[in-house]
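Provide a 3D model corresponding to the input given below.
(one chain, ligands or ions: 1)
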Amino acid sequence: MNTRSLFRICNKLIRPSIACTPCRHAGTYKTVKRPDPSTLKMPAPGTAPKLMEIIKEKIRLKGPLSVAEYMHIVITNPTEGYYMKKETIGESGDFITSPEISQLFGEIVAIWFYAETQKMGMGPGKPLQIVELGPGKGTLMSDVLRVLHRLGYKPNDLSLHLVEISDTMQTVQAHRLCASHKGCEVDSPHYCEGETTSGIKVYWYYDLKKIPCNFSWYIAHEFFDVLPIHKFEKTEEGWRELLIDIDENEKLYYRISAKETNNVTNLIRPPLDGGDRTELEAFHKHKVVNPLENPGASDLTADVDFSQLRVAASMTPGDENYALVVGPVTQKEFLRRTQAEARLKVLIDHAKSDEQKETLKAAYEMLIDPEKMGERFKFMAFYPSAMAAILEKYPPIGFSNLEKETK
Ligand code: SAH
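Next up is the predicted model:
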């Protein structure tokens, strides 16, 4: 039964007694005791029910979970979710990301955006919103800001708009980027705001759609792989969804849906009929672990199918709002084409000690080594369709010829 029909039935049951006998029943409408909302607190981490218990209870109540529902709980549960409890990024965390390894990464990203923006006749002196999805420790953004300052952007030109679901990570970002910050009222589009030491305004959002529609750069690094995904498999009877259930030993396991689920009907249709190209992996202390054991202790990442991302973004040519998509190219190739090595040389020339020189070199090696991060990590860029003619003339830096890439 859907919610609306449930309401209709309840209204039918309630209405006569309210309408016909208001006086007789007036005394029955007493206030009942509820806790004072100002004293309500989230359970402290460790005292809340364990994620495994929450997940099992959900399965017992409503049946097997989709992989997306499972990922959503594991990543975002307010107290026990993976990104909520602790700092997970960095050498002491579970994984390390490119901006944490070398300052060169964020610097190249900033120079790339600057160069592409110049093609549109935009640049310092014009207002610019920088949006980052999942900013982690704020390191990439702080490297970008340093470069923009050198390139002539004034604090008044800039505003930062960060989409972050974890309060723990938000606090880390605020300490990294801001001189001051404060939480905001619930009816505000952003939940927190702050200001950098140079006076750039910073806003945090849970929801991307709340960000003002202005000329913006969007940065999403290691973000798409944390978004919940569905998994599907093609069987002899057609497409089926991979679900998570409990076995007789109370352990979680994958099973294939007996029938076509709503997600199969809604999601697997042309041109997104690529099927089971996404894989679910889990990382804990830099090792791959079983994603169904110890939920919340390990990161869950989807092996993003970038070709599907391209299809989704550029799906409606003819409509004003479609994107021109370039890439993916490997990190190694992108850094080579954007002349990161020349920038590395400048940094090395300015290094204060031989030890610092060695660290810079080793960090760069890690970024481009095919065995490390060079080929596993990839770059893609999305441009507004209005830029087609400009990009024809000045192809996107770091990616091969636009025409070749978009075909
Ligand atoms: N970009 C950073 C961090 C990547 S980790 C870097 O490269 O170092 C993923 C980031 O996304 C974390 O900050 C995490 O808290 C955040 N995150 C995870 N799921 C999210 C969601 N659904 N919405 C917004 N932020 C999310």
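
make it CA atoms for all contacts and neighbour counts henceforth
OK.

from what I can see Tyr153 touches Met122, true?
No - judged on C-alpha atoms under 8 Å, Tyr153 makes no contact with Met122 at a distance of 11.4 Å.

Tell me which of these two has more neighbours.
Using other C-alpha atoms under 10 Å as the criterion, Tyr153 and Met122 rank with Tyr153 on top: 19 against 15.

so that one sits in a helix?
No - with DSSP: H, G, I helix; E, B strand; the rest coil as the criterion, Tyr153 is located in coil rather than a helix.

For the remainder of this discussion, apply numbering that starts at 52.
Noted, 52 is the first residue going forward, which turns the last one into Tyr204.

give the contact list for it.
Applying C-alpha atoms under 8 Å, 6 or more residues apart in numbering to Tyr204 gives the contacts Gly174, Pro175, Gly176.

can we see that at 6 Å?
Pro175 (C-alpha atoms under 6 Å, 6 or more residues apart in numbering).

do the same with Gln180
Contacts of Gln180 by C-alpha under 6 Å, 6+ apart are Leu209, Ser210, Leu211, Ser267.

what do you get if the cut-off is 8 Å, keeping everything else the same?
Leu209, Ser210, Leu211, His212, Asn265, Phe266, Ser267, Trp268.

Roughly how far does it sit from Gly347?
33 Å (C-alpha to C-alpha, to the nearest Å).

And for Ile124?
Distance of Ile124 to Gly347, given as C-alpha to C-alpha: 8 Å.

Need the overlap of contacts for these two.
Leu102, Gly132.

These two: which is more packed in?
Gly347 (25 against 20).

give me the element the more buried one is part of.
Using DSSP states H and E, Gly347 maps to neither a helix nor a strand.

quick one: it and Tyr445, what's the gap?
46 Å.

which element is the nearest residue to Asp194 once chain neighbours are set aside on?
Leaving out its chain neighbours, the residue that sits closest to Asp194 by C-alpha to C-alpha, 6 or more residues apart in numbering is Gly157, at 5.1 Å. For Gly157, the host element (DSSP H and E) is helix 154-169.

now what about that helix, what contacts it?
Contacts of helix 154-169 (C-alpha under 8 Å, 6+ apart): 149-150, 174, 190-192, 194-196, 198-199, 268, 386, 389, 391, 394-395, 415, 447-448.

Identify those among the residues you listed that sit within helices.
149-150, 190-192, 194-196, 198-199, 386, 391, 394-395, 415 (DSSP state H).

how about these, which pair is most distant?
Taking C-alpha to C-alpha as the measure, these span a maximum distance of 21.6 Å, between Leu199 and Tyr415.

More neighbours: which of these two?
Tyr415 (24 against 20).

give me the number of residues near the residue nearest to that one when sequence neighbours are not counted?
Leaving aside its sequence neighbours, Tyr415 sits nearest to Ser153 (C-alpha to C-alpha, 6+ apart; 6.7 Å). Counted with other C-alpha under 10 Å, the neighbours of Ser153 add up to 23.

need the contact list for Ser153.
Leu411, Ala414, Tyr415.

Recalculate using a threshold of 10 Å.
Counting by C-alpha atoms under 10 Å, 6 or more residues apart in numbering, Ser153 touches 190-191, 194, 395, 410-418.

same question, Lys233
Taking C-alpha under 10 Å, 6+ apart, one finds Ala225, Tyr242, Cys243, Glu244, Gly245, Glu246, Tyr254 in contact with Lys233.

Give me the distance between it and Cys243.
Taking C-alpha to C-alpha, one finds Lys233 at 6 Å from Cys243.

where does the helix holding Gly157 sit relative to the chain's centre, distance-wise?
A distance of 20 Å separates the centroid of the chain from that of helix 154-169, by C-alpha atoms, centre = their mean, to the nearest Å.

could I have whichever helix or strand Leu360 is part of exported to PDB, CA atoms only?
Leu360 belongs to helix 357-364 when assigned by DSSP H and E. The C-alpha trace of helix 357-364 is given here as PDB (Å, rounded to 0.1, in the frame of the first residue of the first chain):
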ATOM      1  CA  PHE A 357      34.100   6.400 -16.900                       C
ATOM      2  CA  SER A 358      32.700   5.600 -20.300                       C
ATOM      3  CA  GLN A 359      29.200   5.400 -18.700                       C
ATOM      4  CA  LEU A 360      29.900   8.700 -17.000                       C
ATOM      5  CA  ARG A 361      30.600  10.200 -20.400                       C
ATOM      6  CA  VAL A 362      27.400   8.800 -21.800                       C
ATOM      7  CA  ALA A 363      25.300  10.200 -18.900                       C
ATOM      8  CA  ALA A 364      26.800  13.700 -19.100                       C
END
